[in-house]
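Colleague: quick one: sequence and predicted model below, then my questions.
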Amino acid sequence: MARKLFCEYSPICYKISQFKEARRRDLIDLLHGKHFARRHGSENLPVIWKGDAKILFRKLHGVDPRLQQNKAVNLKIAAEKLDGLIIAPGEEFSFWNTVGSTAKRKGYLEGLVISGRKLSSGIGGGLCQMANLIHWLVLHTPLEVTELHHHSDALFPDERRRVPFGTGTSISYKLLDYRFRNTTSTPVQLRVWLDDTFLYGELRSTEPLTEKYKILEEDSHYARDGQGVFYRNSRVYRLVIDRKTNEELRRELILQNHSEVLYEYDLIPKDQIREPASCS
């Protein structure tokens, strides 16, 4: 039998391990001279680079609806820390250095989390939706992603999905962060807020972009391996387009999905299954 990790013995051991890892990460950032954005602005910068809205409550097979209701509370608390943040040229955005820990004493509730390739619950769960939204905004700008952790598995089927599969990010305080750097010459402002239905986000600046961006998913399908295990496959590209001429400047492969399906195979759309070619 495999030996238990220290963090697996009890909730207290887990919190001790989490605290130790957070301080270790802080030390690494200090040694590398990281300069994180910390200033907020209450007034909107004039130019919207990218805006979007994500539905708060999706129908997730086998998931307690209460966890989604709690997620909305958690998102609202995090939004108060993130909204209005100004990322100056050369500065870096860090999700966890801005939001801080998701302690119960701060009002965070139990929400949906991913742990050990499984869905479970935990205090502050659901904040990955905020990180996903911010990453989606960043993909439509020249900002440089400096830390990203893709979900490696397909945990539940699509329900009202509007963006390509796999373009989200995993986060876990402070072990898995989401970060980007402002590599432009103008300040960038993050605005996030929510109502009863949607989570909203905008990236704003003082000058318009000369390029626009489009995210495309191609060759999306499900296929079985030799052991009968299903995987979800696709390629995700980013097109960079000149705003004046509408000419495609670059086509960048940003993600190649090969994600094991962990939900019931009966929920896989039959028309999206690609069977291996048979030998004649």
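Modeller: Nice, thanks for sending it over. It should be emphasised that the depicted structure is a prediction, and the values quoted were computed from it without experimental measurement.

Colleague: may I ask which helix or strand of this structure has the lowest mean pLDDT?
Modeller: Within the chain, no helix or strand scores below strand 153-154, which has a mean of 70 by mean pLDDT, DSSP states H and E.

Colleague: summarise which helices and strands the helix or strand following that strand is packed against.
Modeller: Sequence-wise, the next helix or strand downstream of strand 153-154 (DSSP states H and E) is strand 179-181. Counting contacts by 3 or more CB pairs under 8 Å, 6 or more residues apart in numbering; DSSP states H and E, strand 179-181 packs against strand 92-94, strand 144-147. C-beta here means a position set from N, CA and C on the backbone, and glycine is covered the same way.

Colleague: might one say that Leu119 is in contact with Gln68?
Modeller: No. Distance between Leu119 and Gln68: 11.8 Å, which falls outside the contact criterion (CB atoms under 8 Å).

Colleague: any shared contact partners between the two?
Modeller: Common neighbours of Leu119 and Gln68, using CB atoms under 8 Å, 6 or more residues apart in numbering, are Leu112.

Colleague: could you check the longest helix along the chain and say which residues are buried?
Modeller: Secondary structure assigned by DSSP state H gives helix 11-31 as the longest helix of the chain. Within helix 11-31, the residues scored as buried using 16 or more other CB atoms under 10 Å are 17-18, 25, 29.

Colleague: for those, give me JSON lines that also has pLDDT.
Modeller: Below are the buried residues of helix 11-31 laid out as JSON lines (pLDDT from 0 to 100):
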{"residue": "Ser17", "pLDDT": "74"}
{"residue": "Gln18", "pLDDT": "73"}
{"residue": "Arg25", "pLDDT": "87"}
{"residue": "Asp29", "pLDDT": "88"}
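
Colleague: secondary structure class for Arg251?
Modeller: strand (DSSP: H, G, I helix; E, B strand; the rest coil).

Colleague: what about it, neighbour count?
Modeller: 12 (other CB atoms under 10 Å).

Colleague: my guess is it contacts Arg235, does it?
Modeller: No. Judged on CB under 8 Å, Arg251 makes no contact with Arg235 at a distance of 11.0 Å.

Colleague: any idea how far Thr210 is from Gly125?
Modeller: Using CB to CB, to the nearest Å, we find Gly125 at a distance of 40 Å from Thr210.

Colleague: neighbour count winner among the two?
Modeller: Gly125 (23 against 10).

Colleague: poorly predicted segments of the stretch 151-280 of the chain, please.
Modeller: The model of the stretch 151-280 of the chain has pLDDT under 70 over residues 153, 156, 158-162, 277-280.

Colleague: can you map out the strands along it?
Modeller: Using DSSP state E, counting those that start in this stretch, the strands of the stretch 151-280 of the chain run over 153-154, 179-181, 188-194, 198-205, 211-224, 230-242, 248-261.

Colleague: which one of the ones you listed lies closest to Phe95?
Modeller: strand 179-181 (7.1 Å; CB to CB).

Colleague: mind listing what's buried along the closest one?
Modeller: 179-181.

Colleague: next one: stretch 47-63
Modeller: 49-50, 52-54, 56, 60.

Colleague: got a list of contacts for that stretch?
Modeller: Against stretch 47-63 from outside (CB under 8 Å, 6+ apart): 65, 68-69, 71-72, 75, 112, 119, 129, 132-133, 136-137, 140-141, 156-157, 159-160, 188, 194, 196-209, 213, 263-264, 267.

Colleague: let's go with 6 Å and repeat that
Modeller: Contacts with stretch 47-63, where a contact means CB atoms under 6 Å, 6 or more residues apart in numbering, come from 68, 72, 133, 137, 140-141, 156, 159-160, 198-205, 208-209.

Colleague: repeat that for stretch 229-249.
Modeller: 154, 164, 210-224, 250-261, 265.

Colleague: buried subset of the residues you listed?
Modeller: Applying 16+ other CB under 10 Å to those, the neighbour count classes 154, 164, 212-213, 215, 217, 220, 222, 255, 257, 259, 261 as buried.
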